[in-house]
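Visitor: What follows is a predicted protein model with its sequence.
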Amino acid sequence: MRVISLNVNGIRAAAKKGLISWLVEQQADYICLQEVRATKAQLSALLEPLSAYTPYCIQANKKGYSGVAILTPHTPKAVISDLGFKLAATEGRYIALEMPECIIASLYLPSGTSGEIRQQVKYEFMDQYWPILTQQVHSKKPMVIAGDWNIAHKQIDLKNWRNNQKNSGFLPQERAWLDELIHTLGWGDAFRLVNQEAEQYTWWSYRGRAWDNNSGWRIDYQFVNPLLQDKITKVNIYTAQRFSDHAPLIIDYAWP
């Protein structure tokens, strides 16, 4: 089972950079997209080359903002279009597919980089999401929550960690939240369960020469419940082409 996650930073912009033809080649079972910034009609039109895939998406109330999607050739039993609290629904930050054999979710956690107001929105989202994560980890089906979590967990997960300890995305409270997610609740960081190497990043600022210098952050994850943690066979951050300021995170699971 192949799951790809990517914050496209606008699906129409990413498509112009060759994303769709690349996705066709991947033969993924689930493609989880964040920051789609498009209507379902616009998304469907762009995805014509992926004719075997059906897009499931949720838009933000604000036009051209946020939005998440999952593309799959498989037929879900149910589509969960929000987390049950207003912030997730109005900003289009979560969608999940319940399949006969697993549950796949696409998540776009808010960013706090624009200022203190949005940082407090981020904390509000994290607080409201926590009890749901507490329940989902015990799902009787394997579950993957793939997406842009907007937090670098450890020092190994960003290049300039010393200079970012007071910046959103690497704040102590955010990092402690991920600690609790993994060590208390039992979610597994699928990438790190296989790859412990340094300089494994998924996001690079468009400012300066961050991409050229590999001055990045690992803020995109696939978190898995215990039923999948020993089924991870291959992980990869694809950087041969650049479709967005994020890179695709590709993980293969030994699961039907």
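Guide: Sure, I can see it. Nothing here was measured: the structure is a model prediction, and the numbers come from that model. Numbering: from 1, shown residues only.
Visitor: For Lys77, give me its contacts.
Guide: Taking CB atoms under 8 Å, 6 or more residues apart in numbering, we find Lys77 in contact with 98-100. In short, each C-beta sits where N, CA and C put it, glycine included.
Visitor: roughly how far apart are the nearest residue to Asn160 once chain neighbours are set aside and Gln34?
Guide: With sequence-adjacent residues excluded and distances taken as CB to CB, 6 or more residues apart in numbering, Asn160 is closest to Ser215, at 6.3 Å. For Ser215, the distance to Gln34 equals 22 Å [CB to CB, to the nearest Å].
Visitor: for the protein, longest helix please?
Guide: For the chain, the helix with the greatest residue count under DSSP state H is helix 116-136.
Visitor: quick check: mean pLDDT across that helix?
Guide: The pLDDT scores in helix 116-136 average 98.
Visitor: What strands flank the very next helix or strand once past that helix, and is each parallel or antiparallel?
Guide: Reading on from helix 116-136 to the C-terminus, the next helix or strand found by DSSP states H and E is strand 143-148. Strand 143-148 sits in its sheet next to strand 103-108 (parallel), strand 220-224 (antiparallel), going by DSSP bridges.
Visitor: on that earlier part again, make a ChimeraX selection of whichever of the contacts of Lys77 turn out to be buried.
Guide: Applying 16 or more other CB atoms under 10 Å to the contacts of Lys77 leaves a buried subset, and the ChimeraX line that selects it is:
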select :98,99
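Visitor: Could you export the contacts of Lys77 as a markdown table, including distance to Phe170?
Guide: Output for the contacts of Lys77, formatted as a markdown table (distance: CB to CB, whole Å):
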| residue | distance to Phe170 |
| --- | --- |
| Glu98 | 33 |
| Met99 | 34 |
| Pro100 | 39 |
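Visitor: who's more crowded, Ser215 and Gln34?
Guide: Between Ser215 and Gln34, Gln34 has the larger neighbour count (other CB atoms under 10 Å), namely 30 against 17.
Visitor: Check that one and give its pLDDT.
Guide: According to the prediction, Gln34 has pLDDT 98.
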